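> Next comes the sequence, and after it the predicted model I'd like to discuss.
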Amino acid sequence: RMDAMPDEAAVANTWGAYVRGAVLVLRESGRALTRGMVAVVKGANGADGGGISSSAALGCAVLLALESANDLEVSHEENIQLDRRIENLHLGLNNGILDQSAVLLSRACHLTYIDCQDCTHQLIPAPWLNTPSDPPVRFLLAFSGLRRALSCTPGYNLRVQECADAAAVLLAPALPPGETLAGTRPCLSQG
């Protein structure tokens, strides 16, 4: 039932906050939601809360499920912005669009070039990846053992700001005279 949504406090610091946020951002974008869903969110092999882009993957999955249940057609680009809004407005995270873009835009055997300045992307065939079943390269992912929700991790938003400040200092010499990066949040004013 779409009229029986839990309040913010009931789902704070749980995966349920992403579901609640997805309903809210779709409604805020003018979409009529008449059907909901019943779902279980469970991490793989006990790694709950420790996935790579797990929050973006969940937010995108919930958006896509709600859109499918309600016969809505929403572009990947708009879903990227909707998922960013879930995390920024309803979870209090100051993150951008990289994880959502990787989740929705990437394709097998391709590199995904994402320009966060103008919100465009390009799929580039990877010459060393001939087939998805037998790639000659391997990636190692290491689980740190830390389990946490970013929304309740002390210092996450501070680290985001520190990275932005460092980027501004490092990029300053490359900018035209009189221009700065201060206060810019490319691609975040959309959606």
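Thanks, I have it. These figures come from a predicted structure and were not determined experimentally.
> Can you pull the poorly scored residue ranges out of the chain?
Along the chain, the model assigns pLDDT under 70 to residues 1-4, 41-53, 128-154, 180-191.
> where do the helices sit along it?
8-11, 16-28, 54-69, 76-85, 98-105, 156-171 (DSSP state H).
> I'd like to know which of those helices is closest to residue 120.
Ranking the helices of the chain by proximity to residue 120 (CB to CB) places helix 76-85 first, at 9.0 Å. (C-beta placed from N, C-alpha, C; glycine too.)
> buried set for that closest one?
77, 79-85 (16 or more other CB atoms under 10 Å).
> Just send the helices of the chain back as CSV, with distance to residue 122 too.
Below are the helices of the chain laid out as CSV (distance: least, CB to CB, whole Å):
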stretch, distance to residue 122
helix 8-11, 37
helix 16-28, 27
helix 54-69, 20
helix 76-85, 13
helix 98-105, 9
helix 156-171, 22
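> closest one to residue 118 among those helices?
helix 76-85 (11.4 Å).
> Run through who's touching the closest one.
The contact list for helix 76-85, computed with CB atoms under 8 Å, 6 or more residues apart in numbering, reads 21-22, 25-26, 28-29, 56, 59-60, 63-64, 67, 74, 95-97, 100-101, 104-105, 119, 188, 190-191.
> From those residues, list the buried ones, please.
Here, 16+ other CB under 10 Å leaves 21-22, 25-26, 56, 59-60, 63-64, 67, 74, 95-97, 100-101, 104-105, 119, 188, 191 buried among the contacts of helix 76-85.
> Look up how far residue 18 lies from residue 93.
11 Å (CB to CB, to the nearest Å).
> Next: residue 107.
For residue 107 relative to residue 18 (CB to CB), the value is 24 Å.
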